[in-house]
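>>> Next one to model:
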Amino acid sequence: MASILKSRFLKPQTRYQFLATIIVNIITFAHGIVLGWLSPTLTKIQTPDTPLDFEVNIDEISWLGSMLGLGSLSGNLVIVFLLERAGRKFFLYLLAVPYACLWILIYCASNVYFLYAARFLGGFTGGVSYVVLPIFISEIADTSIRGALTSILMLSVNLGILVGYIASSYLDYHVVPLVVSFLPIVYFLANLMLPESAPYLLKTNKLTAAEKSFRYYKNQRGDKQSSMETFEELRLAVLSQKMNGTSGITFKDFVTKPALKGFAAAFVLCTGFEFSNVFSFMNYMSDIFAKSGSILDVDTCTIIMGVVQVIGVYTSTIFVDIVGRRLLLLISTLGVGVGCIAFGCFTYFGELYDLHDFNWLPFVLMIFIIYVGNVGIMGLFFLVVCEVHPAKIRSVATSISIAFMGILVFVTLKLFPLLLHFWGISATMWFSAFSCLVTFVYILFLLPETKGKSMVEE
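Predicted structure coming up:
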């Protein structure tokens, strides 16, 4: 692990790219804590020993989960109109504000609407960061490590989810907001040292600032000649975009063949990502184990799943720039599909026969599902959605795609607890499997490999 880290990320040319990636992903780690906080907390607030002064019912729980999607959609809509005008750095700073506010709302919650608002702000934070960070990282990163650096986004989210699982399982409800309240401050201050990305500065005709940014992220401050040669290549690529009309995007740019292919790929990936329900599993993990008949402690199982998520995305980070995106996505979608079929079959036959001797099986199957899900469909989703779009419309098209995903997040998180309640866990798992296998077929026959694709050239 250490040798891989040193050879790929800490060599002189890329170490500042790695540092910048770690800094901006403080907010995704924090966002992960918000996501992980929900699952054990839902179990607590549905018991007579609830730490809250009010009760919540099944409908309110479904709204509590789905508010994340509404917040994400709102963040996407803000991004789609302002990202190219305000720049990447503006939104990186902005993310600290809603994150700080959401924990204040959680701490002070006197009715369920406080929790709704907190989850909405959590979704807004994710909706902005899932668009801005992949674009920012792809613009500062060398092609050889772009996939690995961008996949750190989901690695940090999953680390945060794990921390959220642990914190909300073992700490008092009102202690968690106090413990994590320092994160937005650290994040904001650390971002002060990072310059705006060179491609964006070139688009806005800030040539001197763009050169300084380029030299910073390439760590070429002492090698003026080499720096100028590579910077000139970037400048000419961006200039070519502007000469072809990049600065004036029109409706026709969105209906070209490459653009439509990009939107089709993003549509299938978004649908597969959400209706595979791997993200819903993360949010309702404790409820799933409770309904599956597992005799293991649900909070302990949930925490172990958090560890599995981290290992899955770390696997993706290691191999994404070696074997490419498609292979990992194929392994992931097929694996999740098979795993969900097996999970559904166990719970179905568990209602007909005595499977008490195999009550460890749901736990093992969920480990498999979560691991392979995070190797591909979860770990690489934001990277591939960013890469499939043409450079000319990438920021707007990525924002639109993630906005669509925000709608699906709302729908799936709203429906998932209701499906568990009315359909049962078996049918819900089989539906997830069907969605994954359809996505597998699309990736196998229609999704192009984006490894090595330029982020500034068409």
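>>> For Gly335, give me the pLDDT.
Here, the pLDDT recorded for Gly335 equals 95.
>>> can you count the residues close to it?
Number of residues near Gly335 (other Cβ atoms under 10 Å) recorded here: 20. C-beta: built from backbone N, CA, C; applies to glycine.
>>> So which bits of the helix or strand where it lies are buried?
Remark: Gly335 resides in helix 325-350, with elements defined by DSSP states H and E. The neighbour-count check on helix 325-350 (16 or more other Cβ atoms under 10 Å) flags 325-344, 346-348, 350 as buried.
>>> if I read this right, Val375 contacts Ile318, doesn't it?
No. Shown here, Val375 and Ile318 do not form a contact pair, counting by Cβ atoms under 8 Å, at 10.1 Å.
>>> what about these two, which has more around it?
Neighbours per residue, other Cβ under 10 Å: of Val375 and Ile318, the larger number sits with Val375, 25 against 16.
>>> Run through the residues that contact the more buried one.
By Cβ atoms under 8 Å, 6 or more residues apart in numbering, the contact list for Val375 reads Gly312, Val313, Thr315, Ser316, Leu328, Ile331, Ser332, Gly335.
>>> Wait, the first one touches Asn374, no?
Yes. Under the criterion of Cβ under 8 Å, Gly312 makes contact with Asn374 at 2.9 Å.
>>> okay, those two: which has more neighbours?
Asn374 (29 against 25).
>>> for the more buried one, what are its contacts?
With contacts defined as Cβ under 8 Å, 6+ apart, Asn374 is in contact with Met154, Asn158, Val278, Val308, Gln309, Ile311, Gly312, Val313, Thr315, Ser316, Ser332.
>>> Now do the contacts for the closest residue to Thr50 other than its chain neighbours.
Spatially, and ignoring its direct neighbours in sequence, Thr50 is nearest to Lys44 (6.4 Å; Cβ to Cβ, 6 or more residues apart in numbering). Listed by Cβ under 8 Å, 6+ apart, the contact partners of Lys44 are Thr50, Pro51, Ser168, Tyr173.
>>> Lys44: which element?
Here Lys44, judged by DSSP H and E, is contained in helix 26-45.
>>> Ramachandran coordinates for Gln46?
The phi and psi values for Gln46, taken as degrees, to the nearest 10, are phi -100, psi 10.
>>> And for it, the neighbour number?
So Gln46, with other Cβ under 10 Å, has 15 neighbours.
>>> Can you list the low-confidence ranges for the stretch 351-458 of the chain?
454-458 (pLDDT under 70).
>>> Of the contacts of Lys44, select the buried ones using a ChimeraX command.
Applied in ChimeraX, the following selects the buried portion of the contacts of Lys44 according to 16+ other Cβ under 10 Å:
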select :168,173
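>>> and Leu380, how many residues sit next to it?
There are 28 residues near Leu380, going by other Cβ under 10 Å.
>>> pretty sure it is touching Ile152, no?
No. Using Cβ under 8 Å as the test, Leu380 is too far from Ile152 to be in contact (11.7 Å).
>>> any idea of the pLDDT on Ile79?
81.
>>> Look at it and give its secondary structure.
Secondary structure assignment for Ile79 (DSSP: H, G, I helix; E, B strand; the rest coil): helix.
>>> mind listing what's buried in stretch 51-58?
Neighbour-count burial for stretch 51-58 flags Leu52, Val56 (criterion: 16+ other Cβ under 10 Å).
>>> List the contacts of the residue lying closest to Leu155 once chain neighbours are set aside.
Nearest residue to Leu155 in three dimensions, chain neighbours excluded: Val313, at 4.3 Å (Cβ to Cβ, 6+ apart). Residues near Val313 by Cβ under 8 Å, 6+ apart: Ser151, Met154, Leu155, Asn158, Asn374, Val375, Met378, Gly379.
>>> secondary structure element for the fifth one?
Element membership for Asn374 (DSSP H and E) is helix 361-375.
>>> immediately after that helix, which helix or strand?
Next helix or strand after helix 361-375 toward the C-terminus (DSSP H and E): helix 381-387.
>>> how near is the residue nearest to Thr50 to Tyr284?
According to Cβ to Cβ, to the nearest Å, Lys44 and Tyr284 sit 14 Å apart.
>>> next one: Pro98
Distance of Pro98 to Tyr284, given as Cβ to Cβ: 23 Å.
>>> Those two: which has the busier surroundings?
Between Pro98 and Tyr284, counting by other Cβ under 10 Å, Tyr284 is the more crowded of the two (25 against 22).
>>> From Thr398, how far out is the more buried one?
Distance, Tyr284 to Thr398, by Cβ to Cβ: 28 Å.
>>> Which residue comes closest to Ile22 once chain neighbours are left out?
With sequence-adjacent residues excluded and distances taken as Cβ to Cβ, 6+ apart, Ile22 is closest to Ile152, at 7.4 Å.
>>> Which of the residues in the strand or helix carrying the one you found are classified as buried?
Assigned by DSSP H and E, Ile152 falls within helix 146-170. By neighbour count on 16+ other Cβ under 10 Å, the buried set for helix 146-170 is 146-169.
>>> Rounded mean pLDDT for that helix, please.
Regarding helix 146-170, the rounded mean pLDDT is 87.
>>> tell me what it is packed against?
For helix 146-170, the packing partners by 3 or more Cβ pairs under 8 Å, 6 or more residues apart in numbering; DSSP states H and E come out as helix 15-24, helix 26-45, helix 112-140, helix 175-180, helix 298-323, helix 381-387.
>>> could you dump those helices to a markdown table with distance to Trp103?
Compiled in a markdown table, the helices and strands packed on helix 146-170 are given as follows (distance: least, Cβ to Cβ, whole Å):
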| stretch | distance to Trp103 |
| --- | --- |
| helix 15-24 | 20 |
| helix 26-45 | 8 |
| helix 112-140 | 7 |
| helix 175-180 | 4 |
| helix 298-323 | 19 |
| helix 381-387 | 24 |
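>>> out of these, which comes closest to Glu60?
Closest approach to Glu60 among those (Cβ to Cβ): helix 112-140, 5.2 Å.
>>> So what's the gap between the closest one and the chain middle?
Centroid displacement of helix 112-140 relative to its chain, using Cα atoms, centre = their mean, to the nearest Å, is 9 Å.
>>> Equivalent analysis for stretch 28-48, please.
The chain centre lies 17 Å from the centre of stretch 28-48; the measure is Cα atoms, centre = their mean.
>>> how about the CA coordinates for it, as CSV?
C-alpha atoms of stretch 28-48 as CSV (Å, rounded to 0.1, in the frame of the first residue of the first chain):
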residue,chain,number,x,y,z
THR,A,28,-17.0,14.6,1.2
PHE,A,29,-15.7,12.8,4.3
ALA,A,30,-17.9,15.1,6.3
HIS,A,31,-20.8,14.4,4.0
GLY,A,32,-20.3,10.7,4.5
ILE,A,33,-20.6,11.2,8.3
VAL,A,34,-24.1,12.7,7.6
LEU,A,35,-25.0,9.7,5.5
GLY,A,36,-23.7,7.2,8.0
TRP,A,37,-25.3,9.0,10.9
LEU,A,38,-28.8,8.2,9.7
SER,A,39,-28.9,4.4,9.7
PRO,A,40,-28.3,3.7,13.4
THR,A,41,-30.1,6.9,14.4
LEU,A,42,-33.3,5.7,12.7
THR,A,43,-33.2,2.6,14.8
LYS,A,44,-32.8,4.6,18.0
ILE,A,45,-35.6,7.1,17.3
GLN,A,46,-38.1,4.4,16.6
THR,A,47,-37.7,2.9,20.1
PRO,A,48,-39.3,4.0,23.4
